[in-house]
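J.: Predicted model and sequence below, questions to follow.
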Amino acid sequence: MENIEPTNLCETCRKQLDCFQKGIFERETCRQYDALPIGELLERDRFVQAVMVGGCPECGSENTYDCENNPLLEDNTIGHCLECETYWCLECGYVFEKVEKGMQCPHWEICAHCSDEHGYLDDLEFMETICQKCEHYGNGCQLEDPADCDKQRQFLCPYEGDVSECPRIEEFLEEHM
């Protein structure tokens, strides 16, 4: 049996479990968990799609989804409109002319080149190589505001959170859209 650190919260509902009070230290889920009615599930999914995907950049339809579960693409950064069949990058807004298995937005290549040029790290590399050696690190960043970290400005792309603000990507989009 896998050695799992005991917790007293249900993985499903995050409420305290009776089994841990009785000394059983296996992870379990709440037996009182009730599935949401289908109407509530659909409403929740529509809300998530509206927030995460938004309207189609071509026709404005809200009948859109991300392509995470699309067997051709399997990419949650690509949006698809069910009304006009448009595919676009959810990060920068680039509209694809054609759909191909495993396609990626051209901005990824721009980001890779820029990262190589400036020595930028991705979030995980930054956490593993920079944060853990920092004087402000102790079981997580101890800075009052992690945005004040000089090392972040040195090792992370300033447009990591919103690539649509990157001047190189803006220039690319102006040329190709």
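T.: Looks like it arrived, so ask away.

J.: Now do stretch 152-164, average pLDDT.
T.: Stretch 152-164 carries an average pLDDT of 88.

J.: What of stretch 70-85?
T.: Here the average pLDDT along stretch 70-85 is 93.

J.: Show residues contacting it.
T.: Stretch 70-85 has contacts (CB atoms under 8 Å, 6 or more residues apart in numbering) with 53-54, 56, 58-59, 61, 63-68, 86-91, 96, 99, 101-105. Backbone N, C-alpha and C define where each C-beta goes, glycine included.

J.: ok, and for that stretch, which residues are buried?
T.: Within stretch 70-85, the residues that count as buried by 16 or more other CB atoms under 10 Å are 73, 75, 77-81.

J.: Then stretch 40-49?
T.: Within stretch 40-49, the residues scored as buried using 16+ other CB under 10 Å are residue 49.

J.: quick one: pLDDT of residue 46?
T.: Per-residue pLDDT puts residue 46 at 77.

J.: Which parts of the chain are helices?
T.: With DSSP state H as the criterion, the chain has helices at 18-21, 38-52, 107-118, 123-129, 150-155, 167-176.

J.: For the longest one, name the packing helices and strands.
T.: This points to helix 38-52. Other elements packing on helix 38-52 under the criterion 3 or more CB pairs under 8 Å, 6 or more residues apart in numbering; DSSP states H and E are strand 64-67.

J.: what lines up beside the strand it packs on in the sheet?
T.: With DSSP bridges as the test, strand 64-67 is paired with strand 75-81 (antiparallel).

J.: got the angle between the strand it pairs with and helix 107-118?
T.: Interaxial angle of strand 75-81 relative to helix 107-118 (axes from the mean of the first three to the mean of the last three CA atoms, to 10 degrees): 140 degrees.

J.: In CSV, could you pull the C-alpha coordinates for strand 75-81?
T.: The C-alpha coordinates for strand 75-81 follow below in CSV (Å, rounded to 0.1, in the frame of the first residue of the first chain):
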residue,chain,number,x,y,z
ASP,A,75,-4.8,21.7,-26.3
ASN,A,76,-6.6,23.9,-23.8
THR,A,77,-5.0,27.0,-25.2
ILE,A,78,-6.9,26.7,-28.5
GLY,A,79,-10.5,27.8,-28.7
HIS,A,80,-13.1,26.5,-31.2
CYS,A,81,-16.3,28.1,-32.3
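
J.: Can you pull the domain assignment for the protein?
T.: Here the domain assignment for the chain is 1-34, 38-89, 107-176, based on automatic domain parsing.

J.: least reliable of these going by mean pLDDT?
T.: Least confident of those, judged by mean pLDDT, is domain 1-34 with a mean of 50.

J.: quick one, what contacts residue 59?
T.: 81, 83-84, 86.

J.: State the pair within those that is farthest apart.
T.: 83 and 86 (8.4 Å; CB to CB).
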